[in-house]
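Peer 1: what's the 3D shape of this:
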Amino acid sequence: MIVRILNEGQWRVDDGALPDLNRLDDAVEDAVSTDDETELTTALLALLHAVRSVGTPVPDDELSDSDLILPGGDSTLEEIRELLSTSDEGLIPG
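Peer 2: Reported below is the predicted structural model:
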């Protein structure tokens, strides 16, 4: 699976990493549901760090469609709330 982090790039992530990424995604959703900006920042940065850690960067000269797009680490509570409003499964489906 190809995961894009906005304003950063793409990472190739093995499907086996999805359960762990989904747990981190749940923390993002929880922070949004409680309007906790501090917790949101912590949870979002942990999710993005995990993608970078388990993924392999896709070279800039390789054109690949993204299977999943995540917001950048500087995204606001409102921006993420809007992204979550379009999905029943959080930022990471599954």
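
Peer 1: Show me where this structure has its helices.
Peer 2: Listed in chain order, the helices found in the chain under DSSP state H are 18-33, 37-54, 77-84.

Peer 1: and those as CSV, adding mean neighbour count, distance to residue 64 and mean pLDDT?
Peer 2: Where C-beta positions appear, they are placed from N, C-alpha and C, glycine not excepted. Formatted as CSV, the helices of the chain follow (neighbours: other Cβ atoms under 10 Å; distance: least, Cβ to Cβ, whole Å; pLDDT from 0 to 100):
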stretch, mean neighbour count, distance to residue 64, mean pLDDT
helix 18-33, 17, 18, 95
helix 37-54, 17, 15, 97
helix 77-84, 15, 21, 92
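
Peer 1: tell me, what residue is most central in this protein?
Peer 2: By Cα atoms, centre = their mean, the chain has its centre lying nearest to residue 70, at 3.8 Å.

Peer 1: How about the contacts made by it?
Peer 2: The contact partners of residue 70, by Cβ atoms under 8 Å, 6 or more residues apart in numbering, come to 3-6, 47-48, 51, 91-92.

Peer 1: Also residue 66?
Peer 2: Counted by Cβ under 8 Å, 6+ apart, residue 66 has contacts 2-4, 10.

Peer 1: how close does the residue lying farthest from the centre of the chain get to residue 72?
Peer 2: Most distant from the centre of the chain: residue 61, at 22.6 Å, with distances by Cα atoms, centre = their mean. From residue 61 over to residue 72 the distance is 22 Å, taken as Cβ to Cβ, to the nearest Å.

Peer 1: Who's the closest spatial neighbour of residue 56, skipping the chain neighbours?
Peer 2: Excluding the flanking residues, the one nearest residue 56 by Cβ to Cβ, 6 or more residues apart in numbering is residue 12, at 4.7 Å.

Peer 1: what's the neighbour count on that neighbour?
Peer 2: Neighbourhood size, residue 12 [other Cβ atoms under 10 Å]: 15.

Peer 1: Closest one to residue 18 out of the contacts of residue 66, please.
Peer 2: Nearest to residue 18 out of the contacts of residue 66 is residue 3 (Cβ to Cβ; 10.2 Å).

Peer 1: one step back: now the residue farthest from the centre of the chain: phi and psi?
Peer 2: Torsion angles at residue 61 (phi, psi; degrees, to the nearest 10) stand at phi -90, psi 0.
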